[in-house]
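Trainee: pasting the sequence and the predicted model now:
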Amino acid sequence: MTQNNTVTVTDNRTGKAYDFPILDGTTGPSVVDIRKFYAETGMFTYDPGYTSTGSCESAVTYIDGDQGVLLHRGYPIQDLAQNCTFLEVSYLLLNGELPNREQFQTFENAITMHTMVHEQIHKFLEGFRRDAHPMAVMCGVVGGMAAFYHDSIDITNPHHRMIASHRLIAKIPTIGAWAYKYSVGQPLTYPRNDLRYASDLLQMMFAVPCEEYKVNPVLAKAMDRILILHADHEQNASTSTVRLTGSSGANPFACIAAGIASLWGPAHGGANEAVLNMLTEIGSVDRVNECVKRAKDKDDPFRLMGFGHRVYKNYDPRAKIMAQTCHEVLEELGVKDPLLDVAMELEKIALEDDYFIEKKLYPNVDFYSGIIFRAMGIPTSMFTAIFAIARTTGWVAQWNEMITDPAQKIGRPRQLFTGSTQREFVPFDKR
Ligand code: ACO
């Protein structure tokens, strides 16, 4: 980070001018350092939804939303999705560099050795209703894991942080798969050390004790790619939630549970589920126009799910890879899904429509993922859960970065107060 210039803010009420440093990163927009803004001006800044606020310094992920660029530690997402496995990307996010073969072997081995969860987690799961949403179950179980691993809770100790990070990345597929198994009333399937990360996730979701489960390599590759595409995405709502939770020194499992809770919303990770529900509701290509019309109607709260993004004002680069993966998977499996035709027509019409062009609304990563999941036999309620499994790596990398940042403080935003000023208490009989 370098500082070469300042911004001057003038308070027109008093004519007083204040200088604030401009900080330059390695790329992307500069930021105005307003850490002393309140101390110097007696005012707060106001930015609901943080549309103009940088909350931290980070070297993990870079997005240029106008150009549709996504880099992890400098590497374009396209190159990573094409050439790496999910665990290689996880290593990169956590450690800053791609691993050599030996480093990768050690890392993969560490993750594999942590995939089992405490046996009492079974009992924990049994406390949930069978029809509980997997995200509710994951949120509860991951938060509850803070009560199980007492040997690595000193977050100031790098070794403890590493163990907690490995445990989270390793155990989250087991928990996600078990949330699904529990919901369908099937026996919980243990992880298998001979399988790689994505294959093991499929095995834990789909294997049953009465027959041998063979992992389909096409599905395993597609799942691995989906995990890569969701691994990290800068300071989005759930990642910022993890950082804010962690800023108080909270237990890492509790921080990731907070991230899962934030991801669940339909405006964030829950959108992939909402996309499939929307495509199912549209049903056929001839109803697409009607749906686009509704999305443009100001008086109708309906939005095209899987379209638009806070940061991307161009095609989400992940959506392009997802669309390609979707075609590959459906072709390999010989699946003809009418919802894919609906999705393609919707994308075509929306991309040619002035409303979507003017507002720069393009398909995001969630637009095609649901169709792939459906072809794989993954139920809709598990879509966001798989996103959470992938994003755990990003959350953990960002959490580690935050803990080791010398500028780190407990997160504590302020407000523009518009409520009542101080007034006299009114007793019951006078109200
Ligand atoms: N369909 C129709 N209109 C839309 C859509 C959409 N999907 N998205 C945004 N708009 C319109 C808004 O109505 C608004 O119009 P206005 O300026 O006339 O009021 C304008 O575009 C800007 O939208 P905002 O909501 O202000 O943009 P914001 O950056 O706050 O929201 C968001 C981004 C939440 C992703 C939004 O585009 C949306 O709701 N999309 C659908 C849900 C979705 O796909 N979410 C997944 C995001 S990606 C992820 O989390 C992995």
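Mentor: Yep, it's here.

Trainee: near the ligand, which residues of the stretch 151-300 of the chain? Just list them.
Mentor: 267-269, 271, 295 (Cβ under 6 Å from any ligand atom). C-betas here are computed from N, CA, C, even on glycine.

Trainee: so which of these belong to helices?
Mentor: Judged by DSSP state H, helices contain the following of these: 271, 295.

Trainee: farthest-apart pair in the residues of the stretch 151-300 of the chain next to the ligand, please.
Mentor: G269 and A295 (20.7 Å; Cβ to Cβ).

Trainee: between the two, who's got more neighbours?
Mentor: Using other Cβ atoms under 10 Å as the criterion, G269 and A295 rank with G269 on top: 28 against 20.

Trainee: of the residues of the stretch 151-300 of the chain next to the ligand, closest to T245?
Mentor: H268 (15.7 Å).

Trainee: how near is that closest one to A81?
Mentor: Distance of H268 to A81, computed by Cβ to Cβ, to the nearest Å: 21 Å.

Trainee: give me the more crowded residue out of these two.
Mentor: Neighbour totals were compared for H268 and A81, and A81 leads with 24 against 17 (other Cβ under 10 Å).

Trainee: just to check, that one is in contact with H230?
Mentor: No: between A81 and H230 there is no contact under Cβ atoms under 8 Å: 10.8 Å.

Trainee: between the two ends of stretch 69-84, how far is it?
Mentor: 18 Å (Cα to Cα, to the nearest Å).

Trainee: equivalent analysis for stretch 121-135, please.
Mentor: 16 Å.

Trainee: what does the pLDDT read for whichever residue of the stretch 301-431 of the chain sits closest to the ligand?
Mentor: In the stretch 301-431 of the chain, the residue that lies nearest the ligand is G308 (2.3 Å; Cβ to the nearest ligand atom). G308 carries a pLDDT value of 90.

Trainee: got the contact list for P317?
Mentor: P317 makes contact with 68-70, 76-78, according to Cβ atoms under 8 Å, 6 or more residues apart in numbering.

Trainee: buried only: go through these for me.
Mentor: 68-70, 77 (16 or more other Cβ atoms under 10 Å).

Trainee: so which of the residues you listed sit within helices?
Mentor: Among the buried ones among the contacts of P317, the members found in helices (DSSP H) are I77.

Trainee: out of the buried ones among the contacts of P317, which is nearest to the ligand?
Mentor: Closest to the ligand, out of all of the buried ones among the contacts of P317 and judged by Cβ to the nearest ligand atom, is L70, at 11.7 Å.

Trainee: test my guess that that closest one contacts I77.
Mentor: Yes: in this structure L70 lies within contact range of I77 using Cβ under 8 Å: 4.3 Å.

Trainee: overlap in contacts of these two?
Mentor: 317-318.

Trainee: and the stretch 301-431 of the chain, which of its residues are near the ligand?
Mentor: Residues of the stretch 301-431 of the chain that fall close to the ligand, judged by Cβ under 6 Å from any ligand atom: 303-310, 359, 361, 364-366.

Trainee: select only the buried ones of those residues in ChimeraX?
Mentor: Selection command for ChimeraX covering only the buried members of those, criterion 16+ other Cβ under 10 Å:
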select :303,304,305,306,307,308,309,361,364,365,366
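
Trainee: distance of A254 from H72?
Mentor: 26 Å.

Trainee: how much space is there between S199 and N193?
Mentor: 11 Å.

Trainee: between those two, tell me which one has more neighbours.
Mentor: A direct count of neighbours by other Cβ under 10 Å for S199 and N193 places S199 higher, at 20 against 11.

Trainee: who's in contact with that one?
Mentor: 215, 220, 223.

Trainee: redo the contacts of P317 as TSV? Include distance to the ligand and pLDDT.
Mentor: Listed next are those as TSV, based on distance: Cβ to the nearest ligand atom, whole Å; pLDDT from 0 to 100:
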residue	distance to the ligand	pLDDT
G68	13	91
V69	16	95
L70	12	97
P76	18	98
I77	13	97
Q78	17	96
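
Trainee: so which of these comes closest to T26?
Mentor: V69 (13.7 Å).

Trainee: against A254, how distant is the closest one?
Mentor: For V69, the distance to A254 equals 33 Å [Cβ to Cβ].

Trainee: same check on Q235?
Mentor: Distance of Q235 to A254, computed by Cβ to Cβ: 20 Å.

Trainee: and for L93?
Mentor: 21 Å.

Trainee: more neighbours, these two?
Mentor: Counted by other Cβ under 10 Å, L93 and A254 do not tie: L93 has more neighbours, with 24 against 18.

Trainee: so who does that one touch?
Mentor: Counting by Cβ under 8 Å, 6+ apart, L93 makes contact with 60-61, 72-73, 231-232, 393-394, 397.

Trainee: show me where the stretch 301-431 of the chain dips below the pLDDT cut-off.
Mentor: In the prediction, the stretch 301-431 of the chain carries no residues with pLDDT under 70.

Trainee: could you pull out the helices for it?
Mentor: Secondary structure of the stretch 301-431 of the chain by DSSP state H, counting those that start in this stretch: the helices cover 317-333, 338-352, 354-358, 366-376, 383-403.

Trainee: by proximity to the ligand, which residue of the stretch 51-200 of the chain wins?
Mentor: Counting by Cβ to the nearest ligand atom, the stretch 51-200 of the chain gets nearest the ligand through T51, at 7.4 Å.

Trainee: gap between that residue and L229?
Mentor: 24 Å.

Trainee: can I assume I226 is in contact with I321?
Mentor: No: using Cβ under 8 Å, I226 is not in contact with I321, being 9.4 Å away.
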